[in-house]
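Peer 1: A structural model of the following input is requested.
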Amino acid sequence: MDSNNWMLAPGGDNNAGTNNSWAAPPPTNNNYAPNNYGNPPQIINQNYGAPRQQAPSRSVSNISSTSHSSAAPPPAPITSQRAPATPRSSNADTGGIVVSRAGDEETEDGRIRNREAAAKIRDAWIYKQIRARQDEFTQYKQGRIFVGTWNVNAKGKDENLSSWLCADWHQHGPPDIVVVGFQEMVDLNAVNVAVENKSQQRSQFWVDRIRSTLNSRENTMGDPMRAYTQLAVKYLVGLLVCVFVKAPHKPRVKYVETASVGVGVMGVMGNKGGVSIRLQFYDSTLCFVCTHLAAHRENVAGRNADFANVYSKTSFEIGEEAVREVIKLGSISHWVASGTDSVQISDHDISFWFGDLNYRVDESIPTERVLELSKINQLAELIEHDQLNVERAQGRVFQDFEEGQLTFKPTYKYQPGTDLYEERPDKKLRAPAWCDRILWLAQEPGHVAQLNYGRSEINISDHKPVMSTFLVTIKDVVSSKREQVYKEVMRLLGTFENNSLPMVSLDRIKLDFGEVRYDQRVTLPIIITNTGKVVAQFRLVPKLDELALYKPWVTVSPTYGMLIPGEQTEIEVTITINNATAHALNTSREVLEDTLILRLENGRDYYISVSGKYARSCFGMSVDDLVLYTDPIRAVPLDPILRAEKYDLSAKAAMCVPKELWRIIDAIYERGLDERDLFSTLGNPDEVYQIRECLDTGAPFGDFSVHSMTEVLQSFLSNLSSPVVPSSLFPTLDIDAQNIQSFARKFLEDMPPIQYNVFIYMVSFFREVLLNRQKNRLTPAKIARICCTCLVSSAQGNGEEGAESLPKRRGNMQQIMLHFLETNSI
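Peer 2: The predicted structure follows:
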């Protein structure tokens, strides 16, 4: 096939429409567990040592840049050996414990529940259902992966690597992914192990050598689509692993992460251990682990322990979002706890484990016998006694991993620079061994077929390089179909969960309070009915990043409760517009809109919208704002944009004092200032409300009593958003007969213009009131107290000193008020 004839356009949309080149997976092979998982073209027999049979050919897209004719079947895989299966789990170390008992909650009737455990078990069920149906949303492609490993014994200069990296390109074509691992790229002396002072330099040397080999003119023929791009590199002392991908596939690679585990000196140093790279290729997850395990022929247990350590400690922090995506792809080997952001080796669709594993031929065969058989290429007896084969057969190491048959001579130990096993008299005689190995682990064994497994004859090291090319089945998920399956699973789960979950009905979830006025309290009810089959507990909860259940102008009663099935209750939601709220509404810092969140314990949340329209009032405004408008304040828009369209906000004040203040004082004049107990008798509440409406709408006053008028006057002045006399003007020194005149003059000079006008206007009015003191029974001292209550703000003291001085300063202010009331001139 032409190199540019890609079955899948890199980075393109593969979910649109139907591609006839995709084939549905064939029926499940009887050799596998009963499920609906699709099998790739090659089926790998799971029995240890049994030959693998080629499966019937099927139409599967090929993502490789070159391939055989579509009419010819893919190359037959070589025989592999599979170790007996043992359970693998991320929580194996804890004996299968889902969560600790710390989260257990005991109810009054003795029942135990653990929310975290319930969530994890639920996730496990969802994962199982999606994985069982993954063929409904998965399309399959075939690609080739090359894996190479070499213990270079700290050697390496300008050797040609093509005989190792490109040995089978003429037969199988260039691979889509190239993975190469090195061991002992630096001398494993104490200095290098401790500080890794040469590791970076040598790792870069080998990465450059690999890149130049793969992207040589001979291999690429000048076509950038044939070139390889480096994805990731990870090194640890003498260990190195690097991954390259064909350039067209780069857009379909994501979630690339690396990890390293040292198991050498003291169990942590990097002279022995593993380096790993994981990634998502299209929608299959791949993991590559390069290791150097414990040495010496007799140390089988040490090698097994090193494997177990690297296997259990290798973890990739890929983020919770990536983990969730992997679960939705049906690609993870076990369910993952809510909130986790890491995966381990076994959580990948396919994992490759390679390196200098250091397993030797069993000591029951003498060294001389091993040498003899190795040199004449009589391998059957040696393979039978290969320590890795023996340990895998007994299930002590590399459980569930597979390895191709060993058809090449042992790769260790050679005289560097020759093709002769090390037998020089001055050197220690060592038995040749297959130290350098490549194994793989696949969730679907039939998704991996090993095309070759051999060695290169590059001879600069005491080890020979080993390489293998794999034909792998890669998943490409159709997102729309996957989401449909996910929704169906969740819908199925929901039908059963709803029967055991609390359910309530609300007679309304929208509360529209209509027009709400100043100092008005409006209440609307919500009826909650338990329509479920279990007890329902409800409560209000704050919105995200907030502490309060609702805004200050809202009150709810009750905020929590419990209902047995069929029971109902009423929640009252009340809106109250006080002075602070009115000021916030008038300045456009607040609107009458809020959302209440009613939460059912172990159930859903209900969102209740609360809204109203504020009927604008002069109460709660400032005198500076009120003097701007000649229209009734109700007609002035709250919205600043609409207000700017209607009025010139840059114009000067239209009046000297607020018209509302003038109207009410004028009405009190008309009704008489000689009314007994004026400013002492409370008004009629209905009349007070109507007077406020008249002030806000500009309607004429009715036949209201003067006491209702005086109550409204005091309320109007007391509830201004900014007082007529701010606390900053309070005298701080003692006032007596000698200095009161100067204090009073200074007081007036410091007042802002509008506040000055209002203050003079009110003092003049109260002087008129005092002219009728014989009938209304008011005194200058009483009027001075009323002035302090209505015109003066409460000073905010600073600490204890401020709090102690407040009564004294207010007393000084009252003396100044009394001075103005009793003085003939201001």
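
Peer 1: Can you show me the helices along the stretch 451-600 of the chain?
Peer 2: 479-500, 579-586 (DSSP state H, counting those that start in this stretch).

Peer 1: Which among these is found nearest to Lys234?
Peer 2: If you check each of the helices of the stretch 451-600 of the chain against Lys234 by C-beta to C-beta, helix 479-500 wins as the nearest, at 30.7 Å. (Glycine included, C-beta is placed from N, CA and C.)

Peer 1: In contact with Thr630, which residues?
Peer 2: Neighbouring residues of Thr630 by C-beta atoms under 8 Å, 6 or more residues apart in numbering: 654-655, 659.

Peer 1: Could you check how far it is from Pro640?
Peer 2: Note on Thr630: its distance to Pro640, by C-beta to C-beta, to the nearest Å, is 19 Å.

Peer 1: TSV please, covering the helices of the stretch 451-600 of the chain and showing distance to Asp677 and mean neighbour count.
Peer 2: Formatted as TSV, the entries for the helices of the stretch 451-600 of the chain read as follows, by distance: least, C-beta to C-beta, whole Å; neighbours: other C-beta atoms under 10 Å:
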stretch	distance to Asp677	mean neighbour count
helix 479-500	67	13
helix 579-586	27	20
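
Peer 1: how about these in CSV, adding distance to Gly173 and mean pLDDT?
Peer 2: Shown next, in CSV, are the helices of the stretch 451-600 of the chain (distance: least, C-beta to C-beta, whole Å; pLDDT from 0 to 100):
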stretch, distance to Gly173, mean pLDDT
helix 479-500, 30, 85
helix 579-586, 73, 86
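
Peer 1: Out of these, the one nearest Arg745 is which?
Peer 2: Comparing those against Arg745 with C-beta to C-beta, the closest turns out to be helix 579-586 (32.0 Å).

Peer 1: Identify all contacting residues around that closest one.
Peer 2: Contacts of helix 579-586 from elsewhere in the structure, counted by C-beta under 8 Å, 6+ apart, are 518, 552-553, 577, 590-592, 614, 616-617, 619-621, 625, 638, 719, 721.

Peer 1: let's see it at 10 Å
Peer 2: Residues lying outside helix 579-586 but in contact with it, judged by C-beta atoms under 10 Å, 6 or more residues apart in numbering, are 516-519, 551-554, 575, 577, 589-592, 614, 616-622, 625, 633, 636, 638, 715, 718-722.

Peer 1: ok, back up a step: turn the helices of the stretch 451-600 of the chain into CSV, columns for distance to Glu749.
Peer 2: Compiled in CSV, the helices of the stretch 451-600 of the chain are given as follows (distance: least, C-beta to C-beta, whole Å):
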stretch, distance to Glu749
helix 479-500, 74
helix 579-586, 28
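
Peer 1: So which of the contacts of Thr630 sit within strands?
Peer 2: Among the contacts of Thr630, no member falls in strands (DSSP state E).

Peer 1: Save the residues you listed as TSV, and put in pLDDT and neighbour count too.
Peer 2: Formatted as TSV, these follow (pLDDT from 0 to 100; neighbours: other C-beta atoms under 10 Å):
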residue	pLDDT	neighbour count
Ala654	76	13
Met655	83	16
Lys659	91	19
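
Peer 1: Turn those residues into CSV, columns for distance to Trp125.
Peer 2: Rendered in CSV, the data for the contacts of Thr630 read as follows (distance: C-beta to C-beta, whole Å):
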residue, distance to Trp125
Ala654, 72
Met655, 73
Lys659, 71
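
Peer 1: centre of the chain versus the one helix or strand Trp662 maps to, how much separation?
Peer 2: Element membership of Trp662, judged by DSSP states H and E, is helix 659-671. The chain centroid and the centroid of helix 659-671 are separated by 63 Å under C-alpha atoms, centre = their mean, to the nearest Å.

Peer 1: After that helix, which helix or strand is next? Please name it.
Peer 2: In the C-terminal direction, the helix or strand that comes right after helix 659-671 (DSSP H and E) is helix 685-697.

Peer 1: Need the contact partners of that next one.
Peer 2: Contacts to helix 685-697, defined as C-beta under 10 Å, 6+ apart, come from residues 517-520, 615-619, 632-636, 658-661, 663-664, 667, 682-684, 699-705, 707-709, 711-713, 715-716.

Peer 1: Please pick the buried ones from those.
Peer 2: Neighbour-count burial within the contacts of helix 685-697 applies to 517-519, 615-619, 632-634, 636, 658-661, 663-664, 667, 683, 701, 704-705, 707-709, 711-713, 715-716; the criterion is 16 or more other C-beta atoms under 10 Å.
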